[in-house]
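Asker: what's the 3D shape of this:
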Amino acid sequence: MTSDVRTPAVRRPSPSAIGERVRQLRIARGLTQTKLGLGRFSKEYISQIERGRARPGPAALDWIADRLGSSRRFLETGLSSSDHEQAVGLVSRAEAAVAAREFEDALTCLEHAGPLAQEYGPELALRALLTDSTARSELGSVKEALALLERAGDLVAGEPFTDVDRANVLFHIGQCRYKLSSVPTAISLFTQALELMRHSDLVDDRLRSRIYRWRSRCYRRQRDWEAARGDVEAALELSERLDDRDALAHGYFQASIIAERNGQWVLARSYAERAKTLYEEQDDRINVGRLLNNLGGLTFLLGDAEEAVSLLKAAFSVALEVGSEPDAAQAVSSLAQVHLRTGEVELAEEQARHALRLLEGRVDFLDEQGNVQLVLGRALLEQGRLDEAEQAIAQSEAAFEQLSSSSHRAAAWTAQAELSIRRGDQDQALKLYRRAAETLQDFRF
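Answerer: As a prediction, this is how the structure comes out:
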């Protein structure tokens, strides 16, 4: 796979190119300009078309193409119907590959379709752009995905696109901005998308449900729990109305995380189990693994460390099975937290370092990288390796600072305070504890 971003563009057919194809077909069929235009167009008009000095409209091109035994598409693009079918097929295969989380395969299909898709109108170009951007974003190339989405935004600004199409592009851009930790920007984009659809004559409740779920993530990051809960409830209501089992599963998953962050662990486990059941019905292995990770953390918080470890190991196995290193990293990170809290600090260190290796280069997982660095720092602190601990905790704070998450930074400040105590600097420890006091209560497992 190349690292180049290939973006299909929609070009208006060139009059000179159309004219040359008309001339070649006319000569091949033994027609004069007079005979070609007989009954509708003059010899002079056909001559102007062939020289690129006149641009026939769609109806005229259809008539000329029929006289030449060809198609308007060929006159406009120089490509046959079979070429068009091949391009559509490749884009469709790429879309299916993305749905199956086979992102490398999707990019391979689009690499072949790219030079063709640009010739076949804006709708196919948009499908290719959105599929390409999604695949790259999921593989961690979020900035490349944004470059594609900027092109998509320009494309949908005009005909034949609707406000729903424009909202869909804004939604995809918002996802990328969230992954790059530009949370306020993401919220603004999601809100704009919802407003576009609110004023549109067209309805796409599935898209609305997705936007609500992603905006809820943003509100969670900002610790606006009421707004986060409100968006999840709106998403669940839409999903129930549509009887969309997949969307319901995602909604319950988000509801579980919100409940857990608010200390409602029993309710969080109930939501997580509902989501897991729905994912299992659809054989959605990657999200089953994510729910196992979530349930492992909740089970630990509810006092059963042994069962928590079992669930987290199962989550790790599923992540390996589906080939998702970021999910494997998050399961290992959770295991490291459990072992840190149960006093197995050397094992916690080993697992934290493993998780960091799995997350290397993933700018879209800064929150998890910060969490892992914090666990690593605490594990090193417990082993008396103070200089190494200081470095890991500093890296944790740097990651959290990029997230603009005060509660996460408070957790880093608390770890730094504990390090200061180990070094006998009580005054510095007190300052750090005071800085963390107002926000630390929001940081959970």
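
Asker: other SSEs contacting the helix or strand containing Ala255?
Answerer: For Ala255, the host element (DSSP states H and E) is helix 245-261. For helix 245-261, the elements it packs on are helix 205-221, helix 225-242, helix 265-281, helix 285-301, judged by 3 or more Cβ pairs under 8 Å, 6 or more residues apart in numbering; DSSP states H and E. Placement of C-beta: from N, CA and C, glycine included.

Asker: so how far is the second one off the chain centroid?
Answerer: On the basis of Cα atoms, centre = their mean, to the nearest Å, helix 225-242 sits 20 Å off its chain's mean C-alpha point.

Asker: mean confidence for that helix?
Answerer: For helix 225-242, mean pLDDT is 96.

Asker: that helix vs helix 245-261, what angle?
Answerer: 160 degrees (axes from the mean of the first three to the mean of the last three Cα atoms, to 10 degrees).

Asker: then the first one?
Answerer: With the same axes, to 10 degrees as the criterion, the two stretches helix 205-221 and helix 245-261 enclose an angle of 10 degrees.

Asker: what does helix 205-221 contact?
Answerer: With contact meaning Cβ atoms under 8 Å, 6 or more residues apart in numbering, helix 205-221 is reached by 164, 167-168, 171, 174-175, 178, 183, 186-187, 190-191, 193-194, 197, 225, 227-229, 231-232, 234-235, 238-239, 241-242, 244, 247, 250-251, 254, 257-258, 261, 403-405.

Asker: in that helix, which residues are buried?
Answerer: 205, 207-221 (16 or more other Cβ atoms under 10 Å).

Asker: please apply the same query to the longest one.
Answerer: In terms of neighbour count (16+ other Cβ under 10 Å), helix 225-242 has its buried residues at 227-229, 231-232, 234-236, 238-239.

Asker: returning to that earlier point: the helix holding Ala255: which residues count as buried?
Answerer: Those would be 247-261, for helix 245-261 by 16+ other Cβ under 10 Å.

Asker: tell me which of the residues you listed is nearest to Val309?
Answerer: Glu260 (18.2 Å; Cβ to Cβ).

Asker: per-residue pLDDT, that closest one?
Answerer: 93.

Asker: okay, buried residues for stretch 307-319 please.
Answerer: So stretch 307-319, judged by 16+ other Cβ under 10 Å, has buried residues 308-309, 311-312, 314-316, 318-319.

Asker: in helices, which of the residues you listed appear?
Answerer: Using DSSP state H, the members of those that fall in helices are 308-309, 311-312, 314-316, 318-319.

Asker: would JSON lines of those with pLDDT and distance to Trp413 be doable?
Answerer: As requested, these are exported to JSON lines (pLDDT from 0 to 100; distance: Cβ to Cβ, whole Å):
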{"residue": "Ala308", "pLDDT": "96", "distance to Trp413": "27"}
{"residue": "Val309", "pLDDT": "97", "distance to Trp413": "29"}
{"residue": "Leu311", "pLDDT": "97", "distance to Trp413": "30"}
{"residue": "Leu312", "pLDDT": "97", "distance to Trp413": "27"}
{"residue": "Ala314", "pLDDT": "97", "distance to Trp413": "34"}
{"residue": "Ala315", "pLDDT": "97", "distance to Trp413": "29"}
{"residue": "Phe316", "pLDDT": "97", "distance to Trp413": "30"}
{"residue": "Val318", "pLDDT": "96", "distance to Trp413": "35"}
{"residue": "Ala319", "pLDDT": "96", "distance to Trp413": "31"}
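
Asker: between the buried residues of stretch 307-319, which is closest to Arg434?
Answerer: Looking across the buried residues of stretch 307-319 and measuring by Cβ to Cβ, the closest to Arg434 is Ala308, at 32.6 Å.

Asker: now do the contacts for that closest one.
Answerer: Here Ala308 is in contact with 296-297, 299-300, 338 (Cβ under 8 Å, 6+ apart).

Asker: can you pick out the most distant pair from the residues you listed?
Answerer: Farthest apart among these by Cβ to Cβ are Thr299 and Val338. That separation is 9.6 Å.

Asker: which residues sit against the one helix or strand Arg151 maps to?
Answerer: Element membership for Arg151, per DSSP H and E: helix 142-156. Residues outside helix 142-156 that contact it (Cβ under 8 Å, 6+ apart): 3, 5, 7, 9-10, 122, 125-126, 129-130, 132-134, 136-137, 161, 165-166, 169-170, 172-173, 176-177, 179-180, 363-364.

Asker: quick one: mean pLDDT over it.
Answerer: Rounded mean pLDDT across helix 142-156 is 95.

Asker: starting at the chain centroid, how far to the helix or strand following it?
Answerer: Sequence order places helix 163-179 as the next helix or strand after helix 142-156, per DSSP H and E. How far helix 163-179 lies from its chain's middle: 10 Å, per Cα atoms, centre = their mean.

Asker: show me what helix 163-179 is packed against.
Answerer: helix 122-138, helix 142-156, helix 183-198, helix 205-221.

Asker: what angle do it and helix 205-221 make?
Answerer: 30 degrees.

Asker: just the CA trace of helix 163-179, in CSV.
Answerer: Extracted as CSV, the C-alpha positions of helix 163-179 are listed here (Å, rounded to 0.1, in the frame of the first residue of the first chain):
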residue,chain,number,x,y,z
ASP,A,163,-28.0,18.7,3.0
VAL,A,164,-28.0,15.1,4.2
ASP,A,165,-24.9,14.5,2.0
ARG,A,166,-23.3,17.6,3.4
ALA,A,167,-24.1,16.5,7.0
ASN,A,168,-22.6,13.1,6.3
VAL,A,169,-19.3,14.7,5.3
LEU,A,170,-19.3,17.0,8.3
PHE,A,171,-19.9,13.9,10.5
HIS,A,172,-16.8,12.1,9.0
ILE,A,173,-14.7,15.3,9.5
GLY,A,174,-15.9,15.5,13.1
GLN,A,175,-14.9,11.9,13.7
CYS,A,176,-11.3,12.7,12.5
ARG,A,177,-11.2,15.9,14.6
TYR,A,178,-12.2,13.9,17.7
LYS,A,179,-9.5,11.3,17.0
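
Asker: next up, the contacts around the nearest residue to Thr414 once chain neighbours are set aside.
Answerer: Leaving out its chain neighbours, the residue that sits closest to Thr414 by Cβ to Cβ, 6 or more residues apart in numbering is Ala436, at 4.9 Å. Going by Cβ under 8 Å, 6+ apart, Ala436 touches 410-411, 413-414, 417.

Asker: sort out for me which of those residues are in helices.
Answerer: 410-411, 413-414, 417.

Asker: flag the shaky bits of the chain, pLDDT-wise.
Answerer: 1-14, 79-81, 114-120, 404-405, 438-445 (pLDDT under 70).

Asker: sorry, back to before: so how far is Ala352 from the residue nearest to Thr414?
Answerer: 21 Å (Cβ to Cβ, to the nearest Å).
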